[in-house]
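Enquirer: sequence unavailable; structure follows:
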């Protein structure tokens, strides 16, 4: 499969259970994802982890990570200055095509709306200061 321009052999990824166990042992925070990031960077040249920073209606955001079985969502609702996102490992799950479609459509709507507003703010700011 191709992810972020990289050919990824799923057999070279962590399994879902192995990754969750590693994260739990590492404290269940964004910092615990360092081993995942390092392994993928060394193997694929990319971290292969994406932060979905907007609410899905249940969580503040989620991390999306490829694993051997598919794509794992690990949500977060809390953040600290030291550990960054606190992962909700109990709510981690493999994503279905329908859930990925929802995230995709939600992101397109969010980013399109924000793009329009930022463009309008920029135009207004230029008029104010010219």
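Expert: Yes, it's here. Worth saying up front: this structure is predicted, and the values here are computed from it rather than measured. Numbers count the residues shown, from 1 in each chain.

Enquirer: how is the chain divided into domains?
Expert: 2-95, 96-130 (automatic domain parsing).

Enquirer: can I get these in TSV including mean pLDDT and mean neighbour count?
Expert: Any C-beta I mention is one placed from the backbone N, CA and C, and that applies to glycine too. Below are the domains of the chain laid out as TSV (pLDDT from 0 to 100; neighbours: other C-beta atoms under 10 Å):
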stretch	mean pLDDT	mean neighbour count
domain 2-95	95	16
domain 96-130	94	10
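
Enquirer: hang on, residue 11 packs against residue 68?
Expert: Yes: counting by C-beta atoms under 8 Å, residue 11 does reach residue 68; the two are 6.6 Å apart.

Enquirer: show me where the protein has its helices.
Expert: Counting by DSSP state H, the chain has helices at residues 16-25, 34-44, 97-128.

Enquirer: out of these, which is closest to residue 57?
Expert: Nearest of those to residue 57, taken as C-beta to C-beta: helix 97-128 at 8.8 Å.

Enquirer: and that closest one, how far out from the chain's middle?
Expert: On the basis of C-alpha atoms, centre = their mean, to the nearest Å, helix 97-128 sits 18 Å off its chain's mean C-alpha point.

Enquirer: what does stretch 45-61 give?
Expert: 3 Å.

Enquirer: and for stretch 28-46?
Expert: Using C-alpha atoms, centre = their mean, the offset of stretch 28-46 from its chain centre is 13 Å.

Enquirer: tell me the phi and psi of the closest residue to residue 39 other than its chain neighbours?
Expert: In space, and not counting its chain neighbours, residue 39 is closest to residue 14: 7.5 Å by C-beta to C-beta, 6 or more residues apart in numbering. Here is the backbone geometry of residue 14 (degrees, to the nearest 10): phi -70, psi 150.

Enquirer: the spatially most central residue of the chain pairs with what?
Expert: Central residue of the chain (C-alpha atoms, centre = their mean): residue 51, 2.4 Å from the mean position. Note on residue 51: beta-bridge partners residue 63, judged by DSSP bridges.
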